[in-house]
Structures are given as C-alpha cells and as structure tokens.
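*Asks:* What would the 3D arrangement of this be:
(one chain, ligands or ions: 2)
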Amino acid sequence: MAFNQDSLNGISLSKINPNYLHANSTSHVWAFGAIAELIDNAYDPDVKASHISIDKIDINKIPCLVFVDNGAGMNREQLLKMLSLGCCDKDKYDSPKHKTIGKYGNGFKSGSMRLGKDVIIFTRRIEKACVGLLSQTYLKAIDADSVIVPILEYSTSANILFYMLARKEYIIRV
Ligand SMILES: Nc1ncnc2c1ncn2[C@@H]1O[C@H](COP(=O)(O)OP(=O)(O)O)[C@@H](O)[C@H]1O
Ligand SMILES: [Mg+2]
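*Replies:* Ligands and ions are numbered 1, 2, ... in the order given. Take a look at the predicted model:
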C-alpha cells in the first residue's frame with residue numbers, strides 16, 4: 001500500500017487507515033448495540049425523526065440492512081461530517097427537553113461498520129440530495145492508504161432518482 005503524504009501549509013496531516021474502520025467497530029460487542037447507534041441518530045435533536053424502519057433485503061443475493069428515517073436529512077457538508085470521525089456539532093441542538101445521545105462523532109462509523117463492510121447513504125434536504133459511500137470493499141480494491149468517502153450531490157427537482165432515494169437512507173451490505 002503506497003503511503004502518500006498530504007500536508008497543509010507544509011505540516012503533515014494525520015491519516016485514518018482503512019483498517020481503522022473495522023478496529024473502531026469492535027467497540028460494539030453485539031450487533032444490537034450497533035443498530036442502536038443508527039436509531040439514536042434518527043432520534044437525536046438535529047434529526048428529530050418521528051419514524052424509522054429497519055428492513056433486510058437481498059441485492060444481487062447479498063444480504064443488506066436498510067434503515068430509513070423521516071428526519072431532517074443532510075446536505076453535502078453534513079454528510080461529509082457524518083462520514084468523518086470525531087466531527088460532532090450537536091451541542092447547539094441540546095436542550096433539557098430533548099437531550100442529544102451522540103456526542104463524539106463516532107456512532108455512525110462504529111455502528112455501520114460493525115454491521116457490514118460497506119454502507120451507502122441516500123439523503124436529501126429540500127432542493128438537494130446526496131449519496132455517500134463508506135466502503136471497506138472499495139478502499140481495499142483501490143489500495144487506499146486513508147479513508148476516502150465519495151459523495152455525489154444533485155438537484156432533486158431534475159432527477160428521476162429522487163423517488164428511489166427519498167425512500168432509502170442507509171443500505172448496509174452485511
Ligand atoms: N439519520 C441521520 N439523519 C441526519 N443526520 C444524521 C443521521 N445520522 C447521523 N447524522 C449526522 O451525522 C453526524 C455524525 O453521526 P455519528 O457518527 O453517529 O456521531 P455521534 O456519535 O456524535 O452521534 C451527526 O451529528 C448527525 O448530524
Ligand atoms: Mg450518533
């Protein structure tokens with residue numbers, strides 16, 4: 001695996017090796033703890049979903065878990081934060097009436113990677129929708145030396161994928 005050194009103003013940037021995705025997920029001793037992380041995210045005050053469904057489907061004979069919530073969704077910047085480690089700005093939504101559950105910016109990564117090797121996220125706000133990928137299979141296939149997360153953003157008004165995407169938020173390949 002090539003180790004490319006990236007820097008900011010000449011100062012080296014620390015990297016997250018793709019293997020860390022699995023290592024981090026081992027904090028969940030059982031799968032239900034990982035599922036709870038994804039339910040917590042739908043409940044949290046920045047998302048405030050009133051409904052969440054969890055289903056198991058097969059795609060090309062590969063079992064997948066599908067989590068769908070009707071919460072606030074994410075724009076591109078928020079989706080990138082979700083796919084990053086340690087980024088969390090939920091504090092501003094915290095109130096005595098609705099306390100945040102997550103606070104370390106880790107639950108989605110540890111939870112999804114405990115349930116499967118790959119997760120694809122479909123999310124939308126009013127005008128824009130995004131698709132994001134956190135995939136150990138992909139990172140291995142391209143021999144990545146750090147975690148890269150492809151994100152596609154598009155306008156919902158002009159896209160026929162809209163109907164499909166509006167119905168699915170996470171598909172996790174297990
Ligand atoms: N279902 C969701 N809908 C909208 N935003 C979400 C959802 N799940 C996670 N997020 C966003 O991703 C961020 C990171 O989530 P997560 O990794 O679980 O961190 P934390 O452990 O702090 O909850 C959250 O702060 C939230 O803004
Ligand atoms: Mg969380």
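*Asks:* which stretches of the chain have low pLDDT?
*Replies:* Applying pLDDT under 70 to the chain picks out residues 1-2, 157-174.
*Asks:* Would you enumerate the residues in contact with the spatially closest residue to Ser50 that is not a sequence neighbour?
*Replies:* Using Cβ to Cβ, 6 or more residues apart in numbering and skipping residues adjacent in sequence, the residue nearest Ser50 is Asn70, 6.3 Å away. (C-beta placed from N, C-alpha, C; glycine too.) Shown in contact with Asn70 (Cβ atoms under 8 Å, 6 or more residues apart in numbering): Ala49, Ser50, His51, Ile52.
*Asks:* Can you tell me which of the residues you listed are buried?
*Replies:* Neighbour counting over the contacts of Asn70 (16 or more other Cβ atoms under 10 Å) leaves Ala49, Ile52 as the buried ones.
*Asks:* Can you lay out the contacts of Asn70 as CSV showing secondary structure and distance to ligand 2?
*Replies:* Output for the contacts of Asn70, formatted as CSV (DSSP: H, G, I helix; E, B strand; the rest coil; distance: Cβ to the ion, whole Å):
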residue, secondary structure, distance to ligand 2
Ala49, coil, 13
Ser50, coil, 18
His51, coil, 18
Ile52, strand, 13
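*Asks:* now the contacts of Asn70 as JSON lines including distance to Thr100?
*Replies:* Below are the contacts of Asn70 laid out as JSON lines (distance: Cβ to Cβ, whole Å):
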{"residue": "Ala49", "distance to Thr100": "14"}
{"residue": "Ser50", "distance to Thr100": "17"}
{"residue": "His51", "distance to Thr100": "19"}
{"residue": "Ile52", "distance to Thr100": "17"}
